[in-house]
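1. Starting from these lines, generate the structure:
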Amino acid sequence: MDEVGLSTPGTTPSTSRHPTPAPSGNLSSSPALVRTQGSSTPSSSTQTASTSSPPSDNTTNTSTTNSSESDGRFFRKKKPAAHHLPTAQYEAGETHIVDQDRVSVQSPLFDSEYSMHSAEQVSTERRRTSWLASPQTQQLLANMATNSQLNRVDQSFLTMPGLLLESTQVPPDPVRELLVRFGLEAESRDRYVLNVDSVTMDQVGLQKLMGSGCYRAALELTCRFLSAHGQGPGQRGQPAMHTHRTLQMWLARVALLMKLGQYAVAHNELKAFGNFDSPDMYFEYYPDAYPNRTGTMVPFSLRLLHAIVPQYASQPAEAIDRLQYVTDLAASILHNLESGLTEDGQSPLPEEEREASLHLWNQRLLATKYAMANALLASKDYDLAIRTYLSIAVIEPASAPLLYSLSGRIYLQLGDLLSAKDAFHAAEAKAGDTSSDVYRKLHSTHKGFIDVTNGRYQDAFRHFQAVLRVESFNPVAINNMAVCLLYSGKLNEAVQVLEELVWKDPPSHLQAASICNLCTLYELQSARANDKKLKLLKMVAKHCGDGFSVESLKLST
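-> Numbers count the residues shown, from 1 in each chain. Have a look, this model is predicted:
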């Protein structure tokens, strides 16, 4: 499995790589997730809520933290922050850490077969595991291959990771803890969520936990698995055998840590891997376990997660450096392929295989460009971020309307209304037919954002309402409608709009960001806000897994 997709509770694992519409309007001040928390977005009284692979919530969290979510940034127009009221959100889009050639999460995570029989299988494996090792690593592996007496290298050249976050440090189910704290004993007894002991210790069990939003239990599964392979708590710095299975489990673990907002832990646990270029990161280092297999055991998506994690640990410059390293090597592989050679440049490649390899590596390079644009956005290099997004639009024309729209929203956040309008017009032009749903949705959304910028909230409300005539469930429009109603002095109507969003289909719409926005409105509306929040907590207990962000409920004891 090349990537484990993560999504917010109640949704299926996401694999989208494109900027996705993010909800509008933040209303409060609770910790939020963003493709990594620790957002360096332009100052605002709002915050986005949780993504990987760095995964995606279509509603904004009402928070005033410096965090932002798992691989993208959302920008909102700053308003005078009395009571930390909501503001319209100009989302700068969210791109998931994904590579298009990923194997589905349904694919075997723990392969039992190492041998490959058909030529097609061998070719596919070569494409997926190709990487350019450093000259030093190439020499070490070559020495092992030619000298049967040399079956190990100095430990200083090897990777010896270990877990820094033990399962006991992660509350197993914060939702149940809240139920108990507020005396909701019956709801606590009735709450049922999967745990690590109720699933098999394999890919199927991991998939069940993640699919049900039980990210904490899934994290415990990774802890047990890696501990059994000598890479658990307290084992860092000790020799360990790596396999394709353990590295896939590290991919799942890092994605889960990011989903749960444990960015510093993910960053520190990955430090033991360096840049994944040690000899024991390659199949050739283990000829007995992997006879006749070559290439890297490291999933490409793990390389991308490793590159973007610093962005969420408040080190965007380090993320940019790492992404540039991945970009350069991917570009070198593409150069070899375009020259008619294998990925490593060592031998000619048949045309039919070359085309498949070119497609794979172009998609991987494209995923890296998305991640780079997000990192530039996080580092506040807005001009270069916009230029990078628009360069992607040239490579991937189907995404051009969204990418130009994204650029316009960044310009709005920066206060450049003229440039924003130009970008919006370009987005609509690239959407094609003015009668198409894509054009109509973009046009109405853009009009709404511009009206919000100019303080014309009633006009903006009508434009966001028009979006719903094209797409009946659009969290961006719905959240912005609530924002417009609030700033128009219609608090009760704003509450009603968000309540309809949340209660219409609880399994799908009980997202932390929407809950946080609604709870903020409750605080503005009534002194009995806690009673309404507890009603939401009961609904969360029925429909959400252990990964739900209870901070979004803003419950006070």
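2. With Gln525 as the reference, measure out to Glu493.
-> 11 Å (Cβ to Cβ, to the nearest Å). No exception for glycine: its C-beta is placed from N, CA and C like everyone else's.
3. repeat for Val309
-> 39 Å.
4. Near the closest residue to Ser347 other than its chain neighbours, how many other residues are there?
-> The shortest distance from Ser347 to any non-neighbouring residue, by Cβ to Cβ, 6 or more residues apart in numbering, is to Leu341 (6.6 Å). Residues near Leu341, counting by other Cβ atoms under 10 Å, number 16.
5. Let me know whether Leu341 touches Pro350 as I believe.
-> No - assessed by Cβ atoms under 8 Å, Leu341 is found out of contact with Pro350, at 11.3 Å.
6. can you tell me how far Tyr325 sits from Ala477?
-> Distance of Tyr325 to Ala477, computed by Cβ to Cβ: 40 Å.
7. ugh, wrong one, I meant Leu158
-> Distance, Leu158 to Ala477, by Cβ to Cβ: 53 Å.
8. Ok, Leu376 next?
-> From Leu376 to Ala477 the distance is 28 Å (Cβ to Cβ).
9. more neighbours, those two?
-> Neighbour totals were compared for Leu376 and Ala477, and Ala477 leads with 27 against 24 (other Cβ under 10 Å).
10. give me the element that one is part of.
-> helix 475-487 (DSSP states H and E).
11. Restricting to C-alpha, output that helix in CSV.
-> Taking C-alpha atoms only, helix 475-487 is exported to CSV below (Å, rounded to 0.1, in the frame of the first residue of the first chain):
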residue,chain,number,x,y,z
PRO,A,475,-20.5,23.4,3.3
VAL,A,476,-18.6,26.4,2.0
ALA,A,477,-21.9,28.1,0.9
ILE,A,478,-23.8,27.0,4.0
ASN,A,479,-21.2,28.2,6.5
ASN,A,480,-20.8,31.5,4.6
MET,A,481,-24.6,32.0,4.7
ALA,A,482,-24.5,31.7,8.5
VAL,A,483,-21.7,34.2,8.6
CYS,A,484,-23.7,36.7,6.5
LEU,A,485,-26.8,36.2,8.6
LEU,A,486,-24.8,36.8,11.8
TYR,A,487,-23.2,40.0,10.5
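12. Downstream of it, the next helix or strand is which one?
-> helix 491-504.
13. List phi and psi for Pro401.
-> Geometry field for Pro401 lists phi and psi as phi -60, psi -40, criterion degrees, to the nearest 10.
14. Just give the number of residues close to it.
-> Using other Cβ under 10 Å, the number of residues around Pro401 comes to 22.
15. From Lys441, how far off is the residue nearest to it when sequence neighbours are not counted?
-> Distances taken as Cβ to Cβ, 6+ apart put Ala431 closest to Pro401, at 4.3 Å, once the chain neighbours are dropped. Note on Ala431: its distance to Lys441, by Cβ to Cβ, is 9 Å.
16. ditto for Ser301
-> Following Cβ to Cβ, the distance that separates Ser301 from Lys441 is 30 Å.
17. do Arg303 as well
-> For Arg303, the distance to Lys441 equals 35 Å [Cβ to Cβ].
18. Which positions are bridged to the residue nearest to Ser347 in the beta structure?
-> Beta bridges link Leu341 to Pro348 when assigned by DSSP bridges.
19. low pLDDT regions in the stretch 101-250 of the chain?
-> Filtered on pLDDT under 70, the stretch 101-250 of the chain yields the residue ranges 101-118, 148-152, 167-168.
20. now swap in the chain and tell me
-> 1-118, 148-152, 167-168, 557.
21. show me where it has strands.
-> Per DSSP state E, the chain carries strands over the ranges 35-36, 68-69, 72-76, 89-94.
22. State the distance from the residue nearest to Ser347 to Leu141.
-> Counting by Cβ to Cβ, the gap from Leu341 to Leu141 is 19 Å.
23. what do you get for Thr520?
-> Applying Cβ to Cβ to Thr520 and Leu141 gives a distance of 56 Å.
24. Settle it for me: which of these two has more neighbours?
-> Neighbours were counted for Thr520 and for Leu141 using other Cβ under 10 Å; Thr520 has more, 28 against 19.
25. So that one sits against Lys554, correct?
-> Yes - counting by Cβ under 8 Å, Lys554 is a contact partner of Thr520 at 7.1 Å.
26. Count the neighbours of Met539 for me.
-> 17.
27. how close does it get to Val452?
-> With distances taken as Cβ to Cβ, Met539 is found 30 Å from Val452.
28. now the residue nearest to Pro401: how far from Tyr325?
-> Ala431 sits at a distance of 36 Å from Tyr325 (criterion: Cβ to Cβ).
29. Could you check which of those two has the larger neighbour count?
-> Taking neighbours as other Cβ under 10 Å, Ala431 and Tyr325 compare with Ala431 leading, 21 against 15.
30. Pretty sure the more buried one sits against Ser399.
-> No - checked against Cβ under 8 Å, the pair Ala431 and Ser399 is beyond contact range at 11.3 Å.
31. what sits against Glu343?
-> 126-127, 130-132, 333, 336-337, 357, 361 (Cβ atoms under 8 Å, 6 or more residues apart in numbering).
32. Now with 10 Å, please.
-> Going by Cβ atoms under 10 Å, 6 or more residues apart in numbering, Glu343 touches 126-127, 129-132, 295, 330, 332-334, 336-337, 349, 354, 357, 360-361.
33. try Thr159
-> Thr159 touches 231, 239-240, 242, 247, 272-274, 276-281, 298, counting by Cβ under 10 Å, 6+ apart.
34. And for the closest residue to it other than its chain neighbours, the neighbour number?
-> In this structure, Thr159 finds its nearest non-sequential neighbour in Ser278, 4.5 Å apart by Cβ to Cβ, 6+ apart. Residues within reach of Ser278, counting by other Cβ under 10 Å, total 23.
35. repeat for Tyr404
-> Counted with other Cβ under 10 Å, Tyr404 comes out at 25.
36. that older thread, where do the contact lists of Ala431 and Lys441 overlap?
-> Overlap of the contact sets of Ala431 and Lys441 (by Cβ under 10 Å, 6+ apart) consists of 401, 405.
37. Mind checking which of Val309 and Gln525 has more residues around it?
-> Val309 (29 against 14).
38. Can you tell me how far the more buried one is from Arg253?
-> When distance is defined by Cβ to Cβ, Val309 is 12 Å away from Arg253.
39. shared neighbours, these two?
-> 265-266, 269-270.
40. ok, and for the longest helix along the chain, which residues are buried?
-> Longest helix in the chain, counting residues (DSSP state H): helix 351-378. Going by neighbour count (16 or more other Cβ atoms under 10 Å), the buried part of helix 351-378 is 353-354, 356-358, 360-378.
41. Stretch 161-181 too?
-> In terms of neighbour count (16+ other Cβ under 10 Å), stretch 161-181 has its buried residues at 161-165, 167, 170, 172-176, 178-179.
42. swap in stretch 544-557?
-> Neighbour counts over stretch 544-557 (16+ other Cβ under 10 Å) mark 544-555 as buried.
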